[in-house]
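Following is a predicted model, sequence given first.
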Amino acid sequence: MLAFRALKQGLKSSYNNWRMWNNYMIVSMDVGELTEACHALSRVVEETSAKAGADSVDEDVLDRLVNAVTDKTGEDTEMTVSDAVGARGLAPRVQDLFERVILTRVSSPRIFRAYGRLLTWQSRWEDAIKAYLDGYRCGAAGTMVKGEADPQKWRQAVKEVLEIADILRNFGPRADGCKWQLQGRSLLRSFMARSKEFEDEAEWGTLTALKEDFA
């Protein structure tokens, strides 16, 4: 806690020093000051995103913040009252971190997946689907081009296709007016059309069977 207090005091005279904010974020996470860690991550992104892009976001910290919200506010019988209040108070701060700070500046598949988990916890099914789809589009599957010859990248892309298919099947029926079957069928057809070079791979049969699920 001494390091935490010292860094907090030092930031008063170094508000624009992103390195100090980064150190403060790490120490805040270590001592369980999650609201402070959220604020610190926000400041790091604000100060560095123009040059560093998505690398300005410590995705490990971001995932841990989302976990703190989505896990601690569930049916956890071992959770103390103070833990519950703290987690609920953290939720709007994490949401603001995504919507005002991060996603207005940068994005990545992992950032979108973390945002999707937060939206899922809020039962915002349509928004959650959109977040996961945005993550899919900037991942290996969404950016794969016709003629791609790297089997390792293709298998990673297949994994992402299976994951987004699960999202659509699980969340689609809960979102009013969501044409999830059409979306799933379109994604599969597009991906398979761009990766015909891998028709002889074992995973191709899985994709073919999955396409039937969205017929």
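Yep, that arrived.

centre of the chain versus whatever helix or strand residue 10 lives in, how much separation?
Per DSSP states H and E, residue 10 falls inside helix 2-11. Taking Cα atoms, centre = their mean, to the nearest Å, the mean C-alpha location of helix 2-11 is offset from the chain mean by 30 Å.

tell me what the helix or strand just after that helix is packed against?
Going down the chain from helix 2-11, the next helix or strand is helix 18-31, by DSSP H and E. Counting by 3 or more Cβ pairs under 8 Å, 6 or more residues apart in numbering; DSSP states H and E, the packing neighbours recorded for helix 18-31 are helix 2-11, helix 34-52, helix 59-72. Using the backbone N, CA and C atoms, a C-beta is placed for each residue, glycine as well.

just to revisit the earlier point, tell me the mean pLDDT over the helix holding residue 10?
Helix 2-11 carries an average pLDDT of 77.

Pull out the buried positions in that helix.
Judged by neighbour count using 16 or more other Cβ atoms under 10 Å, the buried positions of helix 2-11 are 4, 7, 8, 11.

just checking, residue 58 touches residue 45?
No: using Cβ atoms under 8 Å, residue 58 is not in contact with residue 45, being 9.1 Å away.

For those two, indicate the residue with more neighbours.
residue 45 (24 against 19; other Cβ atoms under 10 Å).

pLDDT at the more buried one, what is it?
If you check residue 45, the pLDDT there is 98.

give me phi/psi at the residue lying closest to it once chain neighbours are set aside?
Distances taken as Cβ to Cβ, 6 or more residues apart in numbering put residue 56 closest to residue 45, at 4.9 Å, once the chain neighbours are dropped. For residue 56, the backbone dihedrals are phi -70, psi -20 (criterion: degrees, to the nearest 10).

contacting residues for residue 56?
By Cβ atoms under 8 Å, 6 or more residues apart in numbering, the contact set of residue 56 is 44, 45, 48, 49, 105, 106.

With adjacent residues omitted, what lies nearest to residue 7?
residue 24 (4.4 Å).

do the same with residue 208
That would be residue 192: by Cβ to Cβ, 6+ apart, it lies 7.9 Å from residue 208.

Was I right to think that neighbour contacts residue 207?
Yes: using Cβ under 8 Å, residue 192 is in contact with residue 207, at 5.8 Å.

Perfect, that will be all.
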